[in-house]
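[1] got a predicted structure plus its sequence, pasted below:
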Amino acid sequence: MHWQSPQRAPGLIVTADDFGAHPSVNLAVERAHREGVLTSASLMVTGAAAADAIARARACPGLRVGLHLVLADGRAMLPPATIPDLIDANGRFGERLVREAVRWFLLPRVRRQLAAEIHAQYQAFAASGLALDHVNAHKHLHLHPTILSMVIDIGRPFGVRAIRVPREAGLPRPLKPWLALLERKLAAAGIAHNDYLVGIARSGRFDEAALLATLAQLPESGVGELYLHPALISGAAIAASMAAYRHADEFAALISPRVRAALGALRGKGMRFGGFADLLGRP
């Protein structure tokens with residue numbers, strides 16, 4: 001890896017995204033935490049299996065759970081009559097992200113609806129009774145400055161303490177100004193974040209070999225987040241937009257004895273593991 005992380009003690013957060021999207025995802029998250037190396041999960045409170053995910057999370061007190069905001073490629077919390085400019089008659093967000101990004105920025109009525117939906121998702125997470133470990137957004141949409149400001153401001157009463165920064169080695173140059181803006185806003189708000197991320201380039205393809213190769217190249221300092229999309233079944237069975245995802249391979253990697261041994265070796269060298277609250281605490 002080429003990203004040079006800050007000089008703080010090395011730590012790694014191993015996260016499963018899309019917790020709550022499907023019962024198979026939920027079972028994989030629970031098993032990967034109990035039997036494997038998973039330390040964290042990002043909960044889709046609007047997911048079809050969110051209630052099941054919450055029940056499983058309550059049964060796994062060591063699993064750190066955050067909010068995975070859904071503002072595209074998924075269902076909203078609020079009904080169409082409340083946020084008509086954001087969702088269709090079936091309650092689903094649009095997937096024309098460039099168009100939506102412009103509307104979020106330019107149209108006051110759209111921003112008001114967006115704020116209402118983000119608040120509703122925070123509120124649903126709070127109602128779960130789970131401690132809020134972190135916040136991020138499906139498809140990394142919290143990189144959008146309008147969404148980021150709302151995530152921070154609306155999240156304060158709900159106790160937001162940490163937000164994912166999708167800084168991964170090799171990301172396209174045009175994303176760098178957005179990452180810099182994200183980090184500046186988090187610093188100004190006093191919100192903690194990971195120093196680097198691993199998962200975008202191999203999204204949906206993190207099998208055992210890829211995970212072992214990644215663990216062998218982690219930076220020697222800084223707190224990183226490695227995120228995957230585990231499930232017991234794969235592809236379109238989980239979501240139409242994930243037809244090429246190898247969810248089951250990612251689950252197998254998380255419970256692999258070789259991966260557990262690799263993390264054990266890293267722990268022996270001083271690497272810490274846990275959630276955002278464990279490794280970063282209060283900013």
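    Structure received.

[2] any idea of the pLDDT on Trp3?
    Per-residue confidence (pLDDT) for Trp3: 47.

[3] do the same with the one 5 residues further on
    pLDDT for Arg8: 85.

[4] how many residues are close by it?
    Using other CB atoms under 10 Å, Arg8 is surrounded by 12 other residues. C-betas here are computed from N, CA, C, even on glycine.

[5] and it, what element?
    Arg8 belongs to no helix or strand when assigned by DSSP states H and E.

[6] that one touches Gly224, doesn't it?
    No - contact criterion CB atoms under 8 Å: Arg8 and Gly224 do not qualify, at 11.1 Å.

[7] where does Ser12 land in three-state SS?
    Careful, residue 12 is Leu and not Ser. Secondary structure, DSSP: H, G, I helix; E, B strand; the rest coil: Leu12 is strand.

[8] report the contact partners of it.
    Each residue near Leu12 by CB atoms under 8 Å, 6 or more residues apart in numbering is listed here: Leu218, Val223, Gly224, Glu225, Leu226, Leu263, Leu266, Met271, Arg272, Phe273.

[9] show me where this protein has its strands.
    For the chain, applying DSSP state E gives strands covering 11-19, 40-43, 64-69, 132-137, 196-198, 223-228, 272-273.

[10] among these, which comes closest to Arg99?
    Comparison of the strands of the chain against Arg99 by CB to CB identifies strand 132-137 as nearest, at 17.4 Å.

[11] which residues touch the closest one?
    17, 40, 42, 64-71, 125-126, 142, 147, 151, 155, 158-164, 275-277.

[12] can you select the buried ones from the residues you listed in PyMOL?
    Per 16 or more other CB atoms under 10 Å, the buried members of these correspond to this PyMOL selection:
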select buried, resi 17+40+42+64+65+66+67+68+69+70+71+125+142+147+151+155+160+161+162+163+164+275+276+277
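
[13] how close does Leu86 get to Ala116?
    Using CB to CB, to the nearest Å, one obtains 9 Å as the distance from Leu86 to Ala116.

[14] quick one, which of these two is more surrounded?
    In this view Leu86 and Ala116 are compared by other CB under 10 Å, and Leu86 has more residues nearby, 23 against 18.

[15] the nearest residue in space to the more buried one that is not next to it in sequence: how many residues sit nearby?
    Nearest non-adjacent residue to Leu86, counting by CB to CB, 6 or more residues apart in numbering: Gln113, 5.2 Å away. Residues near Gln113, counting by other CB under 10 Å, number 20.

[16] pretty sure Gln113 is touching Phe93, no?
    No - Gln113 is not in contact with Phe93 according to CB under 8 Å; the separation is 11.2 Å.

[17] which residues are in contact with both of those two?
    Joint contacts of Gln113 and Phe93 (CB under 8 Å, 6+ apart) are Leu86.
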